[in-house]
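**Student:** The sequence and its predicted three-dimensional model are supplied below.
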Amino acid sequence: MTERKGCIEDIIFYNEENGYLVALVSDESGGEGVVTGNLPFAREGSSYVFFGEDMIHPKYGIQFRFENYKEVVPETESGIIAFLASGMIRGVGRKTAELIVGRFGKDTLTVMEKDPSRLLEVDGIGEKKLEAIRESFGKHIELSAVIMFLQENGIPASYAGRIYRRYGAHAVSLIRENPYRLADEIWGIGFKTADSLASGLGMEKDSRMRIRAGIKYVLSRESLNGHTYLGMEELTEWTARMLELSSEAVEEELQPLAMEEEIRIERLEGRVCVFLMGFYQAETRVCSDLIRLIGEEHKPLFADVEGLILRAESRMGIRLEEEQIRAVESAAENGVCIITGGPGTGKTTIINTIVRMFEASGFEIALAAPTGRAAKRITETSGFEAKTLHRLLEYSRLGEGDEGMYFARDEESPLEADVVIVDEASMIDILLMKALLCAMKPGSRLVLVGDADQLPPVGAGNVLRDMIDSEMVHTVKLNRIFRQAQESLIVVNAHRINHGEYPYYNEKDKDFFFLRKAGEQRILETILDLCSTRLPAYYEGLDPVRDIQVISPVKKGLTGTINLNKELQETLNPPREDLNEKQIGSRLFREGDKVMQIRNNYDIAWRRIDDFSEGEGIFNGDIGFIQRIDPEMNEITVVFEETRAAVYDATRFDELELAYAVTVHKSQGSEYPLVVMPMTWIPPIMATRNLLYTGVTRARKMVTLVGDPAVMNQMVDNNRITQRNSGLKSRLRVFLDFE
């Protein structure tokens, strides 16, 4: 690692969120060069020693990429003037800086730090301006101390801004007192980083603080795998192994943590279980709210159910089958009901009938889904506006990450709706279900519609499956495939896969195909050929970028989404002189690219292209296309749903990724005209029936699998459903047994 000293002359790019900087720097000899790295609160005119290496950027040439740095206090009068006039010190411009340095010379910075009241000796500085300068310069000194402390202890500079914004002047003392608070309170810092810092500060391996932090970390880590709790034996064993301590040492800290209400210990089905308190509270609240909604007296309908169904059938020009009628009746007669079934079983028709039945009775209706794409689909098929659950519940965020997440709609400010209908309910995790039920007013109805055989939610819990298996919630299971749907091998094969039967494929004039190819390279080449040549030639008017979606079970490997996106971008949207590009880390974006929003952002503004109306919010899973990359303004304009244009500045670039290929998990809640899916070796834990089922059911017109049929057959044979530790079913069954 080499060092380079220089003064920032021009900031080419700066990300306020993480401090990432691209800047032109000059050295003492007058030479110039570009540096890149994380430097929070950077300002032109400041001097630093950068520690890093020269790198060759494929487009922008030689850059010095630094990992660490230290600020250099200017020693010359001209340097001090440039520093003070850089904009870092509030109330000091070039003229004031010259006056201050003219009075105190090279001692200026010492005076400002040790005896700032002497600034009153300078013309134009009164008490008010003095206070502004004192506060601003003090914050600069505090931040410098925090950055120095973090770098000395191995914490990347990219976190300095977040840490300082949260803890202010007390950052160093608070971290020294409890380094593990960083893992709990600073988004992006994990237990291992905090543990390394604690070790560097001299904390003993068997300290109570370390053990407690380790316990909470293991519980939090497993929640990312869908678990709301761990068995006590598993928890103590895994934590002890991670901390390199005895299980007894870990177990001794469980009761104190429970007493402080950080965790909850209880017995479920003869097993001692440990919850993080948030998940325990979510489960118990979901259970009690479901029981409340089921048992309450509900707002009566305008007429008898049979008459309302006949009226709805007449309006829609349809005739419901017996199963569908039972589903609609269940929605009318129960405070909470579940309607579940695979593709082609008429769920959309049932939703439309339920909406019209309640509409005819004068009910306030809310339609929702977990994702933006699913909500859009309900809107299109029902004619009624549907929202994401987060938007329905009026999600807001305080602070960074999700730590300040809250919903404006709750028991004190409930939804006005008399009935809430939620599609794609299999995607709802325990925390989101808690938020929804908290916002349901007394006497309202909840109708959950979904496919319980799809993958469980990304978040913790297995809510829909637990509710069905508990037998506490009235459930209608749709089994009949309608005649029109029977003509589609996509629908037929989805049900065959679900029943453990191998799919039919390559039948004439059908919509399900399998291309046998050996080896990942051949599979990759075939997918590229399908998307660029064969499928566009077969389907007249097909847009290969918009109408074809490649779905892969995995991210890594030749046929994982990361490599597929690079190859598909190069094939379907190659570089051209008239297309601007933007390199962000390892990702390259180009005008015309297909991209996906990968986190909910309720603040980003958009404007409709057709009528110029405005709104806010782009959601996890929304797919759009890059309309424009503005290199001067450092902005990317993405058009979603062909109509909504959203402008992304540098702080939001990390919310986008290429979407020529997406994982099966990311495809949940979406539908695509054509789906292409590689069938090659994947880890056995992922090669499951419900993963294949979920991928296949994303297609509306055609599925093409590419690879080895044996892999597909193995997935069909593997009905291993990863068991999730969730207490909701047990809690509901206890109440049912009591009743």
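**Tutor:** Okay, I see it. Worth saying up front: this structure is predicted, and the values here are computed from it rather than measured.
**Student:** for the record, mean pLDDT for the lengthiest helix in the chain?
**Tutor:** Across the chain, the longest stretch assigned as helix under DSSP state H is helix 127-152. The pLDDT scores in helix 127-152 average 80.
**Student:** List the buried residues in it.
**Tutor:** Under the neighbour-count criterion of 16 or more other CB atoms under 10 Å, helix 127-152 has 129-130, 133-134, 137, 139-140, 142-143, 146-147, 149-151 buried. Every C-beta, even on glycine, is put in place using the N, C-alpha and C of the backbone.
**Student:** Mind giving me the packing neighbours of that helix?
**Tutor:** Helix 127-152 makes packing contacts with strand 61-72, helix 108-114, helix 160-167, helix 171-177 when contacts are defined by 3 or more CB pairs under 8 Å, 6 or more residues apart in numbering; DSSP states H and E.
**Student:** do you know which of these lies nearest residue 327?
**Tutor:** Residue 327 lies closest to helix 160-167 among the helices and strands packed on helix 127-152, at 48.5 Å (CB to CB).
**Student:** what about the closest one, average pLDDT?
**Tutor:** Helix 160-167 shows a mean pLDDT of 76.
**Student:** Please enumerate the helices of the stretch 351-500 of the chain.
**Tutor:** With helices called from DSSP state H, counting those that start in this stretch, the stretch 351-500 of the chain shows them at 372-382, 389-392, 430-438, 463-470, 483-486, 489-498.
**Student:** before we move on, back to that, can you state the direction angle for the longest helix of the chain and helix 160-167?
**Tutor:** 120 degrees (axes from the mean of the first three to the mean of the last three CA atoms, to 10 degrees).
**Student:** For the remainder of this discussion, apply numbering that starts at 7.
**Tutor:** Sounds good: first residue 7 from here, last item helix 133-158.
**Student:** Poorly predicted segments of the stretch 407-556 of the chain, please.
**Tutor:** 407-411, 489-491 (pLDDT under 70).
**Student:** could you pull out the strands for it?
**Tutor:** 411-413, 425-428, 451-456, 480-484, 518-522, 554-558 (DSSP state E, counting those that start in this stretch).
**Student:** I'd like the ones you listed as JSON lines, with distance to residue 670 appended.
**Tutor:** Converted to JSON lines, the strands of the stretch 407-556 of the chain look like this (distance: least, CB to CB, whole Å):
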{"stretch": "strand 411-413", "distance to residue 670": "26"}
{"stretch": "strand 425-428", "distance to residue 670": "22"}
{"stretch": "strand 451-456", "distance to residue 670": "16"}
{"stretch": "strand 480-484", "distance to residue 670": "23"}
{"stretch": "strand 518-522", "distance to residue 670": "17"}
{"stretch": "strand 554-558", "distance to residue 670": "6"}
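**Student:** how about those in TSV, adding distance to residue 311 and mean neighbour count?
**Tutor:** Below are these laid out as TSV (distance: least, CB to CB, whole Å; neighbours: other CB atoms under 10 Å):
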stretch	distance to residue 311	mean neighbour count
strand 411-413	32	15
strand 425-428	14	25
strand 451-456	13	26
strand 480-484	14	19
strand 518-522	39	18
strand 554-558	40	26
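**Student:** ok, the one residue sitting closest to the centre of the chain to residue 627 distance?
**Tutor:** Nearest residue to the geometric centre of the chain (CA atoms, centre = their mean): residue 605, 3.5 Å. For residue 605, the distance to residue 627 (CB to CB, to the nearest Å) stands at 10 Å.
**Student:** all strands of the stretch 607-745 of the chain, in order?
**Tutor:** For the stretch 607-745 of the chain, the strands defined by DSSP E, counting those that start in this stretch cover 607-614, 620-624, 629-636, 641-646, 650-654, 662-664, 667-669, 678-685, 705-713.
**Student:** right, and those strands - which one's nearest residue 600?
**Tutor:** Closest among the strands of the stretch 607-745 of the chain, using CB to CB: strand 629-636, at 5.8 Å.
**Student:** what sits up against the closest one?
**Tutor:** 379, 551-552, 586-588, 595-603, 624, 641-647, 650-652, 665, 676 (CB atoms under 8 Å, 6 or more residues apart in numbering).
**Student:** and residue 724, which of the strands of the stretch 607-745 of the chain is closest to it?
**Tutor:** Judging these by CB to CB, what sits closest to residue 724 is strand 678-685, at 13.5 Å.
**Student:** ok, back up a step: any chance of TSV for the buried residues of helix 133-158, columns distance to residue 115?
**Tutor:** What follows is those, written out as TSV (distance: CB to CB, whole Å):
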residue	distance to residue 115
135	18
136	16
139	12
140	13
143	9
145	15
146	10
148	15
149	15
152	19
153	17
155	20
156	23
157	21
